[in-house]
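Q: Pasting a predicted model and its sequence here:
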Amino acid sequence: MNHSFVVHVPHAVLEPEPLDPAQIVSGTPEVTGKVVWESEDGRQVRGVWQITPGVVTDTEADELFVVLSGSATIEVEGGPTLTVGPGDLGVLREGDRTTWTVHETLRKVYAINL
């Protein structure tokens, strides 16, 4: 998009984003999302992301996010364990290896720099 816009995040329609089976530690988590803006060079991405309960691993990008609903515990390898819920703002560093334990379906908005 080349203009200003608003997205009503709680009701945003999200598309399936299948997880790599190797990322799933336990449960049957499902991920959905929607990119709402991407820079021309693809290095900046803004969007909405949701995951259902379960445990997954990931290697993070440089990300700022705000949780709108749900809850999770994010264990950062060699770093802190973060507990997040509605209203929490989180920052993940590029290369962080994480384990997400999602307690309640979590929806967040994010800004990623690649």
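A: Thanks, I have the structure now.
Q: Quick one: mean pLDDT for the longest strand anywhere in the chain?
A: Ranked by number of residues, the top strand in the chain under DSSP state E is strand 97-113. Here strand 97-113 scores 98 as its mean pLDDT.
Q: Report all helices and strands that that strand contacts.
A: Applying 3 or more Cβ pairs under 8 Å, 6 or more residues apart in numbering; DSSP states H and E, we find strand 97-113 packed against strand 44-51, strand 54-59, strand 62-76. To be clear about C-beta, it is placed using only N, CA and C from the backbone, and glycine gets the same treatment.
Q: would a markdown table of these with mean pLDDT be doable?
A: Output for these, formatted as a markdown table (pLDDT from 0 to 100):
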| stretch | mean pLDDT |
| --- | --- |
| strand 44-51 | 98 |
| strand 54-59 | 98 |
| strand 62-76 | 98 |
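Q: what's the closest of those to Q23?
A: Shortest distance between Q23 and those, using Cβ to Cβ, is found for strand 54-59: 4.9 Å.
Q: Just the buried positions in that closest one, please.
A: For strand 54-59, a neighbour-count test (16 or more other Cβ atoms under 10 Å) marks G54, V55, V56, T57 as buried.
Q: coming back round to it: reformat the helices and strands packed on strand 97-113 as JSON lines; add distance to E15.
A: JSON lines is the format used below for these (distance: least, Cβ to Cβ, whole Å):
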{"stretch": "strand 44-51", "distance to E15": "10"}
{"stretch": "strand 54-59", "distance to E15": "18"}
{"stretch": "strand 62-76", "distance to E15": "17"}
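Q: name the element K34 belongs to?
A: Counting by DSSP states H and E, the element that carries K34 is strand 31-38.
Q: need the buried residues of strand 54-59 in JSON lines with distance to R97, can you?
A: Putting those into JSON lines (distance: Cβ to Cβ, whole Å) gives the following:
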{"residue": "G54", "distance to R97": "18"}
{"residue": "V55", "distance to R97": "14"}
{"residue": "V56", "distance to R97": "12"}
{"residue": "T57", "distance to R97": "7"}
